[in-house]
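Enquirer: here is a sequence with its predicted model. Questions after.
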Amino acid sequence: MSTCNFILQDGVPLYAFDDAVFYDPETGEYDYMAASDFEHDVADALEAVNLELSGDADGVDTNISIELRGGYYSGYQLYVHGLDRLEDTAEEIAEYVDYTPEQAAALLESYMDHARAALAGVAAAFDFDRYAVFARFDNGETWYSRVEE
């Protein structure tokens, strides 16, 4: 997959699903019902994961959640919301829970390990592939390749 189809995020792997499986090989038609069922099944699994992740860092809401997001051109991506607020969350934990900044950072890192494991679990359950950047060009185009695990 290529051409800026997905959003790369620091600290979490890119898990994507190629929706080409929903095309009938004989007719070339897209099976919207199968795609919709897939989306609902993943959303249900993510709802359970997000309940587990909410408020997990010693009572301070980390604002981390995972959602299924369509690729810009095709496919799906498991996207993690809240990564941009982790630094602020560490400061809140240090201030309100009376942790040192180092303890707050360690707590958030262990929380992120849990979130990455949950992300990998959902990815495995629904046959998402892990991708890494293969090439990035000056015009912003990015090529991805599957990571063999």
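Expert: Nice, I can see it. Residues are numbered from 1 along each chain as shown.
Enquirer: show me what counts as buried in the worst-scoring helix or strand of the chain on mean pLDDT.
Expert: Taking mean pLDDT, DSSP states H and E as the measure, the chain has helix 86-96 as its least confident helix or strand, at a mean of 75. Across helix 86-96, burial judged by 16 or more other C-beta atoms under 10 Å covers 86, 89-90, 92-94. Where C-beta positions appear, they are placed from N, C-alpha and C, glycine not excepted.
Enquirer: can you tell me the strand partners of the lengthiest strand in the chain and which way each runs?
Expert: Of all the segments of type strand in the chain, defined by DSSP state E, the longest one is strand 129-136. Sheet partners assigned to strand 129-136 using DSSP bridges are listed as strand 14-17 (antiparallel), strand 142-146 (antiparallel).
Enquirer: low-confidence ranges in the chain?
Expert: For the chain, the stretches with pLDDT under 70 are 1-4, 55-61.
Enquirer: in it, which spans are helices?
Expert: Using DSSP state H, the helices of the chain run over residues 32-53, 86-96, 101-125.
Enquirer: what lies in contact with stretch 40-50?
Expert: By C-beta atoms under 8 Å, 6 or more residues apart in numbering, the surrounding residues in contact with stretch 40-50 are 65-68, 76, 78, 118-119, 121-122, 125-126.
Enquirer: in CSV: the helices of the chain, plus distance to Asp138.
Expert: Putting these into CSV (distance: least, C-beta to C-beta, whole Å) gives the following:
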stretch, distance to Asp138
helix 32-53, 34
helix 86-96, 30
helix 101-125, 31
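Enquirer: good, wrapping up.
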